[in-house]
Structures are given as C-alpha cells and as structure tokens.
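*Asks:* Would you be able to build a 3D model of this:
(chains A, B and C)
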Amino acid sequence: MRVEKHPILGDDRRKRDAAIIVDGDRVEAITGEPIAAALLAAGIRKFRVTPRFGSPRGLFCGIGRCTDCVMTVDGRPNVRTCVTPVKDGMVVETQAGLGAWADES
Amino acid sequence: MKSGIKYTGIPSEEELRASPGAPSRERLEQGPVAFIECVQDIPCNPCEEACPFGAITVGEPITNLPELHGDKCTGCGVCIAQCPGLAIFKVHLHYTETTSLVEFPYEYYPLPRKGDRVPCGDRQGKYVADGRVVSVKNAKAHDGTAVVGVEVPKACYLEVRTICRKEWSRHG
Amino acid sequence: MKMTQVAVIGAGPAGLAAAIEVARAGGLVTVIDENARPGGQLFKQIHKFFGSREHRAGVRGFHIGEQLLAETERLGVEVLLDSPVYALFPDRTVGYVHGGREIFLKAEKIVIAAGAAENPLAFPGSTLPGVMGAGAAQTMINVHRVLPGKKVLMIGSGNVGLIVAYQLMQAGADVAALIEAATQIGGYGVHAAKIRRAGVPIHLSHTVKRALGKDHVESVEIVALDSHWQPVAGSEKILGVDTVCVAVGLTPLTELAWLMGCEFAFVPGLGGHVPKHDLNMETTVPGVFIAGDISGVEEASTAMEEGRLAGTACAEALGLLDGQKALELKTVIRERMNALRTGPFGEGRRRAKECLIGLSLEGQA
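*Replies:* Numbers count the residues shown, from 1 in each chain, chains lettered A, B, ... in the order given. The predicted structure is shown next:
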C-alpha cells in the first residue's frame, strides 16, 4: 500500500511511470524506487524461499546488508531488492534457494 | 503499575504538579495559558525562543525543564508548534460559561476542519468527551505541526489532549 | 590514480558535515557513499530535532538533510554515489566499486563515517516476511512512501522504537502495541507520550515469544517477563498484526576501521566495539578519522558535530587552518556537542565517550 497522503510530507505526486513483471504478473512501479518498495506497495511480501527448508524471507534491514530480500532480477540471482532501483520492464522472480543464472539453465 | 512518564509514557499528576512548565490553578482561572508537559531533563530549548513574550525560560544547561512565567504568558499558543516533543498545550479554562478550550499539536492525516465535532481523548488516547473544533492553525512556520483547538465541557480541560484519531478518521 | 586531500566515507550527517568543514577551509574533499542518494538516514527522519538553535532544533531531519546537501553543493564538494568502499590501504588509498569497476582514490586524510546497522532479534518466526528493522520500515514509509504492513507490533522503547511507531501511524498504519523487555521506557518521555495519546499501549517487562504465519506474519505472541527476565507462564497474549518492527539498538559499522588496523575498545554504552579516537576524532592510525555512529551510536545531531570536528581537525592537519583558528572552531563545536550530552539521557553517552577518548589517549602516552 502506498502512502498517498501524509501530514508532513504532503501528497505523493510521483507518477507510476514504470511496470515490472513479478513472477509473470505486471506490477506498477516508480522508476528509481527500490524493487522492494514496489513489491510492498503491491502487497507482495515473500521475496524468496531458503535453500534447505523452503521457508519464506522478505525485507528485513532495508539498507542492503542482510541480503534477506534478494530475488532473481532480469535472470540474475541474489539481487538485493531493497537497494536496487526499479527500471521499466524489469523481470523479477521469487528466488528459490540460491537461485540460478538465466544463461546457465 | 508504577506511574510516571518513564513507566507509562504519560506524565503523572505529581510530575505535572512539580513541573515548572505547568500553570498554577490561579493562572488557569485568569485566562488562556500555555501548559508545558515536559518533565524530563532532555537537551532541548526551542520553546524558549518561540515565545515572543519571554514567558518560557530554559537557560543553561539546555537540559533544564522549561519554566512557564504565567504573568508573561498571553496564551497566544505560538509555542505549541515549535516544541519538537509536541509537549506544549494551551488551556483556556473559562472559554464560555460551560466550556473550556484546549489546543494541542496534531500531526496526522486527515486534519479536522473548523466546526467538526470530534471525539476528544486524554493522554492515553482514551475517549473523554465530544468537542467542537474551533481552530486549525497550520501556518508555514509550523512546518506541518497543525495546532487544533477544541471546545470541550469544562470538567475535562485537564484531561483532553488530543483527538481520538482512529475513532474519528473512521467517521471521516 | 584519482587524488584528493580528504576522502570521506559515508554521505550521512557526519560525513557531509565533515566534508563541509574541509571545503570551507579551502580543502579538496571527496565524499563516497554506497547509496544512490546522499543524506544517509537523515531523509527518513521526518520529526523535528531536539537541541538548541545551533543544533537546528525544531527543524525536521529531512530538512536538515536538504540544508547539508545545498551546502555541499555550494562549496563544490564532490559526492560519489553508488560507490561502495571495499578497501583501505595503509597509504590511505581508498578502493571503491562504481558501475561494476574498481576505482582507487588516493587521499591525504580519511574520515570514516560509515554509520551503524540495526540489531536483529532472534525469536521463533523472526525470519518471516513482515518482521523487519524499525529503521527499514521507517525508510519504506518516509522515503519510499510505502507501508510495510497495516498493523504493527513495535519491539523496543528507545527513541527509534517510539519515533518509528509514531511515524507508522502518521503514514496510516495502526500500531497494536509497543513492548519493552526492560522495566522502564528507554527513550524520551515526550516521544512515548505522543504514541500513548494515539492510543498505543506500552507493555514494559514484555518480550516477543514468537511470530506466527505461513508466508508472512499473521499474528504475534507476546509474553510478560519476571524480575529475572524469565517468561511468566500463562501471561502469553496473541496480537493480530501483520508486521513486527524490531528496534533493539544499533551496532557501529566498523569494518573499514578494522581493515585499516585501528585499535578498538569495547564500550557497551556506545554500541559495542568502537575504534579508539582522540579529541579530534582521529583514530590510532594517523590521518584516519571517524565521525558519527561508527564512533558510538548517538543521534544525528551529535553525528553532525563529530563530523564538523573531524573535518576541522583534517583541515588543521593539512595546514588549511592555523592552530589558533582551528582551536577556536573546535572549542565551539565541542561545547555544542557537550550540550547534547547532558541530562539523564546524554550523561551516560558523555561518560562512555570520555572513557573511549581516555583509553585512546592512554595508548598514546
């Protein structure tokens, strides 16, 4: 959910000028915002599952340190979504385990 | 449960009574006045500069509690929005025969409008009474800290300190 | 190789303040930061700061950030973004990565202002999506304007927990409760009073037992603690929340100082292992200075003062300021800094800082 109105920051006037593909679905986004922000705005919270137990992980530290939020982006695994900016047309996939490079498959 | 701001997040009656920022009962009787609910020695003094009448002093060190000089305070309320801790209120005990006016800082969306009837809450957000919004001040100098004035039944001037935000926004 | 007089690592409040002082004295300064935007954590601080006029009290954190950026721009400070520093060499060469390439920058002085990271808290379910650092949630709501959830449990009653709980409500979320394991509220009473007025209960002597949910947090179980910090059987309560924010302190990001060979001291009151430094913020490695949370976790206001101190000391060491002028500037900065370290909340930090500086001076004697 986006914070459209805010008592201190005012209205959010940024245009939803981008779209990313998340596990095949189109998600509206804003160029330059972190991928994680676009996902949370769309109500997506599970970003990957762990290698051994398949347990879900999502945003945790938000500053690119904990790597809990990594996903496969444009065929590249382990991309930290909290610090990677959205570009129009990005293909984002929930990552299973350590992920795989697209060109390796 | 222990009382006091360290344990509840609410200044206790004793803390307020001992605070140099709370106006005396006599001063409250005389007319509108600032009510400073700052009871911990934190390093902060914008209130001192905010008052154009020199009615608030902090001095050195800046961890001193702000002292309200009731004789100098005109009850203008400009200090309310300048307190970073949102701890200053204004109370006009005898606003009318039957009502008091309480002004408080309010930084939530949406803001109420003049004339709105709002559920008013105490220091723990608990409903006290319905009030009528008589003013909403949000000048540029406030930098987003709106100051809302509500007219409430006289009996609750020492209790009312906010709008019950959730209850009210559900209606709004 | 690229050259500069002072390399500042970190474009947060401490780093920018340091760079401004160097530039003001006429020095050549380069700020390097891994993030896409400068300002560090200042831009998520939407509350008004405390202190006095000299500390820009009453000004909201993000406005202070804007002022700092305007000043760095006016002074022509070079700020390199998207550039994580990964190496520091004994000859004060800084290695960083930009656009997938490694780049080296040779500096005469280095200021490390890397900041701090939030501490995690381990409990069953703490890895579920929806459990996150309070600072992470604050970044999402105030910088990126996205709510991480609708209903939140806040863990920790320090200023971060209190302020972020308040700001979550400003952004439109509900805060179900704030819990604190200790027997009293850790942060400023005025911050606690704001969330109490908004109807948020503060449960002292309480901790989280577990977060429940399949793919993300659906509820959380809290439990009371006795005087020995043990859970009180039967006191468990389930709260229906979709988000758990963890605000249990920060740890200085000291990797670069370790890499540089700085001597450290363990000072719990400052967040753990911190590099020893003297009154000029210089570490035990000559020419390497620190400022801000890396030298002990405090507020942004003190971080800026430490940055100014380090920047002024660098300028002095480079001969850009004469000793007399530098002393005057540093005295004013130290007075302002000490004013922030007074009272029941600041006293402990002042003592911890004095202890750290004492340890470092002892080493020199």
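*Asks:* Write out the residues of chain B neighbouring chain A.
*Replies:* Residues of chain B found near chain A (C-beta under 8 Å from any C-beta of the partner chain) are B:Glu107, B:Tyr108, B:Tyr109, B:Pro110, B:Leu111, B:Asp143, B:Gly144, B:Ala146. To be clear about C-beta, it is placed using only N, CA and C from the backbone, and glycine gets the same treatment.
*Asks:* Equivalent analysis for the stretch 101-250 of chain C, please.
*Replies:* Contact residues (C-beta under 8 Å from any C-beta) of the stretch 101-250 of chain C with chain A: C:117-118, C:120, C:127-133, C:135-137, C:139-142, C:144-148, C:150, C:170-172, C:214-216.
*Asks:* Narrow these to those that are buried.
*Replies:* Buried members of those, counted by 16 or more other C-beta atoms under 10 Å in any protein chain shown: C:117-118, C:120, C:127-133, C:135-137, C:139-142, C:144-148, C:170-172, C:216.
*Asks:* can you narrow those to ones near chain B?
*Replies:* Contacts with chain B within those, as defined by C-beta under 8 Å from any C-beta: C:Gln170, C:Gly172.
*Asks:* would CSV of the residues of chain B next to chain A with secondary structure and pLDDT be doable?
*Replies:* As requested, the residues of chain B next to chain A are exported to CSV (DSSP: H, G, I helix; E, B strand; the rest coil; pLDDT from 0 to 100):
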residue, secondary structure, pLDDT
B:Glu107, coil, 97
B:Tyr108, coil, 96
B:Tyr109, coil, 92
B:Pro110, coil, 92
B:Leu111, coil, 94
B:Asp143, coil, 95
B:Gly144, coil, 95
B:Ala146, strand, 98
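*Asks:* of the residues you listed, buried ones?
*Replies:* Neighbour counting with 16+ other C-beta under 10 Å marks B:Glu107, B:Tyr108, B:Tyr109, B:Leu111, B:Gly144, B:Ala146 as buried within the residues of chain B next to chain A.
*Asks:* Would you mark the buried spots in the lengthiest strand in chain B?
*Replies:* Longest strand in chain B by number of residues (criterion: DSSP state E): strand B:127-137. Using 16+ other C-beta under 10 Å as the test for burial, strand B:127-137 gives B:Val128, B:Gly131, B:Arg132, B:Val133, B:Val134, B:Val136, B:Lys137.
*Asks:* Any chance of a markdown table for those residues, columns pLDDT and distance to chain C?
*Replies:* What follows is the buried residues of strand B:127-137, written out as a markdown table (pLDDT from 0 to 100; distance: C-beta to the nearest C-beta, whole Å):
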| residue | pLDDT | distance to chain C |
| --- | --- | --- |
| B:Val128 | 97 | 12 |
| B:Gly131 | 97 | 15 |
| B:Arg132 | 98 | 19 |
| B:Val133 | 98 | 17 |
| B:Val134 | 98 | 20 |
| B:Val136 | 97 | 17 |
| B:Lys137 | 97 | 16 |
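*Asks:* which one among those residues gets closest to B:Asn64?
*Replies:* Nearest to B:Asn64 out of the buried residues of strand B:127-137 is B:Lys137 (C-beta to C-beta; 27.8 Å).
*Asks:* show me what contacts that closest one?
*Replies:* Counting by C-beta atoms under 8 Å, 6 or more residues apart in numbering or on different chains, B:Lys137 touches B:Gly77, B:Ala81, B:Ala146, B:Val147, B:Val148, B:Gly149.
*Asks:* which of these lies closest to C:Gly61?
*Replies:* Among the contacts of B:Lys137, B:Ala81 lies closest to C:Gly61 (C-beta to C-beta), at 16.9 Å.
*Asks:* List the contacts of the closest one.
*Replies:* Taking C-beta under 8 Å, 6+ apart, one finds B:Pro105, B:Lys137, B:Ala139, B:Ala141, B:His142, B:Asp143, B:Thr145, B:Ala146, B:Val147 in contact with B:Ala81.
*Asks:* Residue ranges in the chain under the pLDDT threshold?
*Replies:* This is for chain A. In the predicted model of chain A, residues A:104-105 satisfy pLDDT under 70.
*Asks:* that's the wrong chain, I wanted chain C
*Replies:* C:363-365.
*Asks:* Break it down into its structural domains.
*Replies:* C:2-117+C:250-364, C:120-246 (automatic domain parsing).
*Asks:* Serialize the ones you listed to CSV and add fields for distance to B:Ile42.
*Replies:* Output for these, formatted as CSV (distance: least, C-beta to C-beta, whole Å):
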stretch, distance to B:Ile42
domain C:2-117+C:250-364, 6
domain C:120-246, 6
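*Asks:* and B:Lys2, which of the ones you listed is closest to it?
*Replies:* Counting by C-beta to C-beta, B:Lys2 lies closest to domain C:120-246 out of the domains of chain C; the figure is 8.2 Å.
*Asks:* First-to-last residue distance for that closest one?
*Replies:* 7 Å (C-alpha to C-alpha, to the nearest Å).
*Asks:* next one: stretch B:8-18
*Replies:* Terminal residues of stretch B:8-18 are spaced 17 Å apart (C-alpha to C-alpha).
*Asks:* avg pLDDT for it?
*Replies:* For stretch B:8-18, mean pLDDT is 96.
*Asks:* who touches that stretch?
*Replies:* B:1-5, B:19, B:22, B:37, B:39, B:123-124, C:185, C:189, C:192-193, C:195-196, C:202.
*Asks:* what stretches of chain B score poorly on pLDDT?
*Replies:* For chain B, the ranges with pLDDT under 70 are B:170-172.
*Asks:* Spatially central residue in it, please.
*Replies:* The centre of chain B sits closest to B:Phe89, judged by C-alpha atoms, centre = their mean, with a distance of 1.5 Å.
*Asks:* can you give me the angle the helix or strand it falls within makes with strand B:127-137?
*Replies:* B:Phe89 is part of strand B:88-92, with elements assigned from DSSP states H and E. Between strand B:88-92 and strand B:127-137, the angle comes out at 100 degrees (axes from the mean of the first three to the mean of the last three C-alpha atoms, to 10 degrees).
*Asks:* Strand B:88-92 close to chain C?
*Replies:* No - residues of strand B:88-92 are not located near chain C by C-beta under 8 Å from any C-beta, the shortest gap being 9.9 Å.
*Asks:* Sheet partners, orientation included, of that strand?
*Replies:* Next to strand B:88-92 in the sheet, as set by DSSP bridges, lie strand B:33-36 (antiparallel), strand B:99-106 (antiparallel).
*Asks:* JSON lines for those, including mean neighbour count?
*Replies:* Listed next are these as JSON lines, based on neighbours: other C-beta atoms under 10 Å in any protein chain shown:
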{"stretch": "strand B:33-36", "mean neighbour count": "26"}
{"stretch": "strand B:99-106", "mean neighbour count": "23"}
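*Asks:* Relative to C:Glu362, which of those strands is closest?
*Replies:* Minimum separation from C:Glu362 across these (C-beta to C-beta) falls at strand B:33-36, 44.1 Å.
*Asks:* how much distance is there from that closest one to the middle of the chain?
*Replies:* 6 Å (C-alpha atoms, centre = their mean, to the nearest Å).
*Asks:* near chain C, which residues of chain A show up?
*Replies:* By the rule C-beta under 8 Å from any C-beta, the part of chain A lying against chain C is A:1-9, A:12, A:32-34, A:36-38, A:40-41, A:45-47, A:55-66, A:68, A:82-83, A:85.
*Asks:* ok, and of those residues, which contact chain B?
*Replies:* A:Lys5, A:His6, A:Pro7, A:Ile8.
*Asks:* Give me every residue in the stretch 1-150 of chain C lying close to chain B.
*Replies:* Residues of the stretch 1-150 of chain C lying close to chain B by C-beta under 8 Å from any C-beta are C:His47, C:Lys48, C:Phe49, C:Phe50, C:Gly51, C:Ser52, C:Arg53, C:Ala57, C:Gly58, C:Val59, C:Arg60, C:His63.
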